[in-house]
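A.B. asks: give me coordinates for this.
(one chain, ligands or ions: 1)
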Amino acid sequence: MLASAAIVMTVACSSEPTDLSKANIIPKPVSITPAGGSFTLTQRSDIYVRGDSPEILQIGQYLADRLNPATGFGLEVKTTGKDIVRGKILLALTENDPSLGDEGYELVITDKSVKLTAAKPAGLFYGVQTLRQLLPARIEMDTLQEGPWNIATGTIRDYPSYGYRGAMRDVARHFFGVDDIKIFIDQMAAYKMNVLHMHLSDDQGWRIEIKSWPNLTAHGGRTEVGGGEGGFYTQEQYSEIVKYAQDRFITIIPEIDMPGHTMAALASYPELNAKGSDTALYTGTEVGFSSLATHKEITYKFVGDVVRELSALTPGPWFHIGGDESHSTKIEDYIPFVNRVQDTVAAYGKQVLGWDEIALSTLKPNTAVQYWAKAENAVKGVAQGAKVLMSPCKYAYIDMKYDSTSLFGYNWAGYIEVDDGYNWDPASLVPEIKKENIIGIESPLWAETISNRAEAEYLLFPRLLGYAEIGWTPKELRSWDDYKVRLANHGERMNAMGISFYPSKRVEWFK
Ligand code: TNX
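C.D. replies: Predicted coordinates:
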């Protein structure tokens, strides 16, 4: 008895992983078939790419850049026409496996080679993320680490449940600069998330340069909650974020919140006010007091210019028009405003996303509704044929506190401990909203209570990993008991990635 327990212990603690089914992958893959052996990454394991499309070469280079700092191997990216390259990692697009879809991949690891195939480049990129997680956590360090670098052998076939796996960053309440956003994009990519919604304007600040309305940033970008100095992205900086995200298969969705949540714009251009004018900037945290003048033609000129300039910088299909908490806009003014703005967005070639209140208007055929507060609104959207983006505040609001002791965050929608954030299913939360009505899930990080990267990460991590898994992994494969063990193992990995996560007591973190 004792002897066999000792053997089990040694195997479990061994640095040579041989059981691929025990790999702590988040989000959990659709299928894992272990083969019982081990592949060793060495100095000679260069990355081979079949074909020479620049996109695949770039993914190969991305992988090399992830592996080289910690291993010190200096792996290079080379092209090949072959199907298997002994001792090496091979990345290849394949036309023979359409069941993988646009984002799926197959990873075949033998003791001699690693072969990653996908129908599309996005699939290769996600396969690369899985490969990273199969290596010891110290692979994420940016300084030289000890080997060995072993991977268990077997086959992983994997693809996502939802096409939209998003997060939202509020850069209006507190401004976060380009570098912070790039780091966040890298973190999202590691967990196969593919949409970053940027809340670019609110009462407390206007954060994107609009050349035809320069005072929006010159005045409206000058402060933030609490009176700090605020800031904004120039159009060049915004484009830099878009490109950085694109290289990581992440779509940026810009949001200009209207007709409410507009004090920064109203203070910058008095003519946008319904009556009177107030140029004072707002640094508090109340909501629902501001509104664009929905009866004035100048308002529609303003909206048209903003949508035109921002759409031209945004390759993704969506433009988010906000539409939430317009408590100081009469409903009989709100509805025609939202109807008209939908036409404006369509005129500049984009599809409308809006918070669930927009379902009170007449939705255009391809407008989608982001369910955050009122299920009845989202259901009204579905009744009009609209798709729904699931961000139910009780489960997915990543700015909610974990519990009463949390250092940051709100609790108006309740406390969301790590298990609460994980234990829900988008397709069975509201009976009238079925899987076929849902484009995906998004967790919004509102920023009234956080003002720097460490504070943001405290709320984001580890909950973001759970949202990534809900978006990717089929419901049947999701269970908290299984997830919490994988998450516990990710503690070390998040540390190696430089993420300041909240060490929830509901997880037995491995030290
Ligand atoms: C509600 S969610 C808001 C935001 C706040 C957030 C704080 C939504 C569409 N509106 O304006 O920042 O609560 O948790």
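A.B. asks: for the rest of this, base every contact and every neighbour count on C-alpha atoms.
C.D. replies: Noted.
A.B. asks: residue 285 versus the one residue in the stretch 351-500 of the chain that gets nearest to the ligand, what's the distance?
C.D. replies: As assessed by Cα to the nearest ligand atom, the ligand sits closest to residue 446 within the stretch 351-500 of the chain, at 4.8 Å. Distance, residue 446 to residue 285, using Cα to Cα, to the nearest Å: 11 Å.
A.B. asks: okay, the two: which has more neighbours?
C.D. replies: Neighbour comparison, residue 446 and residue 285: the larger count goes to residue 446, with 22 against 14 (by other Cα atoms under 10 Å).
A.B. asks: correct me if wrong: the more buried one contacts residue 170.
C.D. replies: Yes: Residue 446 is within contact range of residue 170, at 5.1 Å (criterion: Cα atoms under 8 Å).
A.B. asks: overlap in contacts of the two?
C.D. replies: Common neighbours of residue 446 and residue 170 (criterion: Cα atoms under 8 Å, 6 or more residues apart in numbering): none identified.
A.B. asks: now residue 122, what's its secondary structure?
C.D. replies: Secondary structure, DSSP: H, G, I helix; E, B strand; the rest coil: residue 122 is helix.
A.B. asks: hang on, it packs against residue 93?
C.D. replies: No: with contact defined as Cα under 8 Å, residue 122 does not reach residue 93; the gap is 10.2 Å.
A.B. asks: those two - which one has more neighbours?
C.D. replies: Using other Cα under 10 Å as the criterion, residue 122 and residue 93 rank with residue 122 on top: 24 against 19.
A.B. asks: and the pLDDT for the more buried one?
C.D. replies: Listed pLDDT for residue 122 reads 97.
A.B. asks: ok, residue 96 next?
C.D. replies: pLDDT, read off for residue 96, is 83.
A.B. asks: host element of it?
C.D. replies: Assessed by DSSP states H and E, residue 96 sits outside every helix and strand.
A.B. asks: my guess is residue 227 contacts residue 281. True?
C.D. replies: No: with contact defined as Cα under 8 Å, residue 227 does not reach residue 281; the gap is 9.2 Å.
A.B. asks: between the two, who's got more neighbours?
C.D. replies: residue 281 (22 against 14).
A.B. asks: how far away is residue 488 from residue 482?
C.D. replies: 10 Å.
A.B. asks: mind listing what the residue in the stretch 1-150 of the chain that the ligand sits nearest to touches?
C.D. replies: Proximity of the stretch 1-150 of the chain to the ligand (Cα to the nearest ligand atom) peaks at residue 27, 25.7 Å away. By Cα under 8 Å, 6+ apart, residue 27 lies in contact with 191-192, 465-466, 468-470, 472-473.
A.B. asks: repeat for residue 262
C.D. replies: In this structure, residue 262 makes contact with 201-203, 290-292, judged by Cα under 8 Å, 6+ apart.
A.B. asks: can you rerun that using 6 Å?
C.D. replies: 202-203, 290 (Cα atoms under 6 Å, 6 or more residues apart in numbering).
A.B. asks: low-confidence stretches in the stretch 51-200 of the chain?
C.D. replies: Scanning the stretch 51-200 of the chain for pLDDT under 70 picks out no residues.
A.B. asks: all strands for it, in order.
C.D. replies: Listed in chain order, the strands of the stretch 51-200 of the chain (DSSP state E, counting those that start in this stretch) span 77-80, 89-93, 105-109, 114-118, 149-158, 164-170, 195-199.
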